[in-house]
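[1] Here is my input, please return the structure:
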Amino acid sequence: ANFAITADTDPERITVFGTTLATGSGATADNGYISLIGKQLSQRKEEGKSEHNFYTSSVSIANTTSTDMVKNYGTVTADHAKYVIVAPNLVDDGIAGNSSPNISAAVLTANLQKIINNIRAEGRVPVVVNNTPYGDMVSEEYKQVKNVNNAIQGWDVLSVNALGAVDNASGQWCPSLYNN
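    Down below sits the predicted model:
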């Protein structure tokens, strides 16, 4: 039996589809960026700065890779959002301590392209959050993170620079921003 469920895409729903950081891991209560985006959107509506009642949901799963994200793409379809924030992380793809971080970067880049294509094929709007710093990043890992982020910025997709504003220029969080 086929139990496919269909529903209209919700034009004000924003789904976050990502890995560990997208779940809010490491942030204090309700200070992960999904929560912060949701609060900001609600505040803008309440203050009359937006005519739209945008809201967020999440189908993110901690400790998953971008390959897992491709396999779990059906959760995005089932969430019926018009906008999909795609937020993978190279740490979850195994870049940390990897003797060949360029391989992790290549896998993530290929998987992001698959996810973006799936989102567009369903008539949704993708927004990609690029990679962030982490505490133990070494120079070769940082180079690969910047390469992936630069590639994303060159694609025909909306993207958010999540590295530049919080990076200490070596790939680690700025001390005043860690866990904030």
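[2] Does anything pack onto the one helix or strand residue 153 maps to? Which helices or strands?
    In this structure, residue 153 is located in helix 139-154 according to DSSP states H and E. Counting contacts by 3 or more Cβ pairs under 8 Å, 6 or more residues apart in numbering; DSSP states H and E, helix 139-154 is packed against helix 101-121. For every residue, glycine as well, the C-beta is placed using N, CA and C.
[3] now the helix it packs on against helix 139-154, angle please.
    Per axes from the mean of the first three to the mean of the last three Cα atoms, to 10 degrees, the angle that helix 101-121 makes with helix 139-154 is 20 degrees.
[4] which outside residues touch helix 101-121?
    17, 65-67, 69-70, 73, 76, 84, 86, 88, 90, 93-95, 98, 125-126, 128, 140-141, 143-145, 147-148, 151-152, 155, 157 (Cβ atoms under 8 Å, 6 or more residues apart in numbering).
[5] returning to what we had before: in the helix holding residue 153, which residues are buried?
    Going by neighbour count (16 or more other Cβ atoms under 10 Å), the buried part of helix 139-154 is 141, 142, 144, 145, 146, 147, 148, 149, 152.
[6] so which of those residues comes closest to residue 21?
    Using Cβ to Cβ, residue 145 is the member of the buried residues of helix 139-154 that lies nearest residue 21, at 12.8 Å.
[7] Would you mind measuring from the closest one to residue 128?
    Distance, residue 145 to residue 128, using Cβ to Cβ, to the nearest Å: 14 Å.
[8] cool, residue 85 as well?
    Going from residue 85 to residue 128 by Cβ to Cβ gives 8 Å.
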